[in-house]
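# take a look and give me a structure for this.
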Amino acid sequence: MINANIENIIVKFLIKQASASELTELEEWIQDSNNKKLFEEYVKVNYAIEYNMREFDSNKVINELLEAYAREIKQKRSQKLRKLFYYSAAAVLSGVVMTTYFNRMNTDHKPAEVTKVVVNNVINAGTDKAILTLEDGSNVLLEKDKTYEKDNVVSNGKELICKHGNKSNSAVTYNYLTIPRGGQFKLSLSDGTEVWLNSESKLKFPVAFVEGSLRKVELIYGEAFFDVSPSTEHKGAKFKVLNKNQEVEVLGTEFNIKAYKEEENVYTTLVEGKVTVSNAAAKKYLTPNQQSVINLKNRDITIKSIDAYNEVLWTKGIFSFKGRNLKEIMDVMSRWYDVEVVFQKPELEKVKFNGVLSKNDNIKEILKIIKKTNFINDYEIKDRKITIK
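Numbers count the residues shown, from 1 in each chain. Model prediction:
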């Protein structure tokens, strides 16, 4: 099994974001024959989407990889790194058939004909931005490369920081952080807990916690990843994340909650530690690599085993899609690129993919990659509306 650190480097390697030191670490790790096999299988199963949808030329793929990374390492190590690129390209090439599939609505589905793509405007990827709502109801726009500071909070343009320290009295002041479509932002709470907020999300949080008392925030809607400061550092004070559909209690751990307004389920994924998930109907315990799913219609809580790492890659600037259908993928894209996506045919929503994409990718390039599968006939971009044909 690949450890989380190496898995993270592999993902960054494949989307061209690995540093020279990370490449060196990966290079040394892969010298072991068993690790080499793990690497090849991992790439085949999880991360060939950007390659298997393109026309293949093995030499071209290898050369592109070499050119992209050669500048990041010392010349004296280039010969060893060449082997690493070869392993990656070979694994991708051998995984073409394995990594993309289609759930057919009928048995005689045929590849679509190529037609003209209509693109009327440029749609940029999302960026760091948020709206901070203060206790008095005033709003502050937080944007990339712009700083803000007032009282006990400061922003550097990509993170809002509540200055460390707890209150000694019972008075708690709450602020709100709202992430619009096409945005993302990080929040550091006064107790040291870190929160990553995804597009179209809203969190209610205290500027400072009361010393020794329950630490509590509310995810009003959207998606957030929490790295909670342990209770041992706060006189045993527990940490809770509330949502209108559930309550999550932790002592100190890493977990992700997805509770979008338009979705039928609320998902809580545990990366590390232990949490309880409860609502009016039930209470469940999660261990690492487990996910609770609350059905909002019947309130049932089910538990399933998953690869938690893939669920939180969005915090590292990566879209990870494993067995996701096109409807689910486009829901994610619509929030990040702030667009509307419609399907001309309902069956197109059921096309399924495995793979990884950078959040910095141009939306047109992503659509071109999807079109290469021949399971969609065409797409059209008009204003901020994308039609899948």
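# quick one: the helices in the chain?
4-14, 20-29, 33-46, 49-52, 58-69, 78-94, 308-311, 326-337, 363-371 (DSSP state H).
# ok, and the closest non-adjacent residue to the spatially most central residue of the chain?
When C-alpha atoms, centre = their mean is applied to the chain, the residue found nearest the centroid is residue 314 (1.7 Å). Counting by C-beta to C-beta, 6 or more residues apart in numbering, residue 198 is the residue found nearest to residue 314 once chain neighbours are left out, at 5.9 Å. Just so you know, the C-beta spots here come from the backbone N, C-alpha and C atoms, and that holds for glycine as well.
# for the one you found, give me its contacts.
179, 184, 222-224, 314, 335 (C-beta atoms under 8 Å, 6 or more residues apart in numbering).
# how does it look with 10 Å?
Counting by C-beta atoms under 10 Å, 6 or more residues apart in numbering, residue 198 makes contact with 126, 179, 183-185, 222-225, 256, 258, 260, 314-315, 332, 335-336.
# what's the local residue count around the closest residue in space to residue 18 that isn't next to it in sequence?
Excluding the flanking residues, the one nearest residue 18 by C-beta to C-beta, 6+ apart is residue 12, at 4.1 Å. Residue 12: 19 surrounding residues under other C-beta atoms under 10 Å.
# look at residue 12 and report its pLDDT.
Residue 12 is assigned a pLDDT of 73 by the prediction.
# for it, give its distance to residue 19.
The spacing between residue 12 and residue 19, counted by C-beta to C-beta, to the nearest Å, is 8 Å.
# residue 267 against residue 257, yeah?
Yes - between residue 267 and residue 257 there is a contact under C-beta atoms under 10 Å: 7.2 Å.
# in terms of neighbours, single out the busier of the two.
residue 257 (22 against 18).
# correct me if wrong: that one contacts residue 250.
No - using C-beta under 10 Å, residue 257 makes no contact with residue 250, being 11.1 Å away.
# shared neighbours, those two?
226, 241, 275.
# could you dump those residues to JSON lines with pLDDT?
Converted to JSON lines, the shared contacts of residue 257 and residue 250 look like this (pLDDT from 0 to 100):
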{"residue": "226", "pLDDT": "97"}
{"residue": "241", "pLDDT": "97"}
{"residue": "275", "pLDDT": "94"}
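# just the buried ones from these, in PyMOL syntax?
Selection of buried members from those for PyMOL, criterion 16 or more other C-beta atoms under 10 Å:
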select buried, resi 226+241+275
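# going by distance to residue 363, which of the shared contacts of residue 257 and residue 250 wins?
The shortest approach to residue 363 among those belongs to residue 226, at 28.9 Å (C-beta to C-beta).
# OK, contacts around that closest one?
Contacts of residue 226 (C-beta under 10 Å, 6+ apart): 187, 189, 193-196, 203, 217, 219, 239, 241, 248, 250, 253-257, 271, 275.
# list the ones among these that fall in strands.
187, 194-196, 203, 217, 219, 239, 241, 248, 250, 254-257, 271, 275 (DSSP state E).
# related to what we said a few turns ago, please narrow the contacts of residue 198 to those residing in strands.
Per DSSP E, the subset of the contacts of residue 198 in strands is 179, 183-185, 222-225, 256, 258.
# of the residues you listed, which pair is most distant in space?
183 and 256 (17.7 Å).
# of those two, who's got more company?
residue 183 (24 against 21).
# could you measure the more buried one against residue 383, distance?
In terms of C-beta to C-beta, residue 183 sits 20 Å off from residue 383.
# same check, this time on residue 153
36 Å.
# of the two, who's got more company?
residue 153 (22 against 10).
# contacts only, for that one.
132, 134, 140, 142, 160-163, 175, 177, 187-188, 190, 207-208.
# can you check residue 262 too?
Counting by C-beta under 10 Å, 6+ apart, residue 262 touches 200, 221, 331.
# what's the domain layout of the protein?
4-98, 102-123+319-388, 127-306 (automatic domain parsing).
# in the stretch 101-250 of the chain, where is pLDDT below threshold?
Applying pLDDT under 70 to the stretch 101-250 of the chain flags residues 101-121, 165-170.
# how about 90 then?
101-124, 135-136, 150-152, 163-173, 210-213, 232-236 (pLDDT under 90).
# going along the chain, name the strands of it.
For the stretch 101-250 of the chain, the strands defined by DSSP state E, counting those that start in this stretch occupy 118-119, 127-133, 139-143, 148-150, 153-155, 159-162, 174-179, 183-188, 194-197, 201-206, 215-227, 239-243, 246-250.
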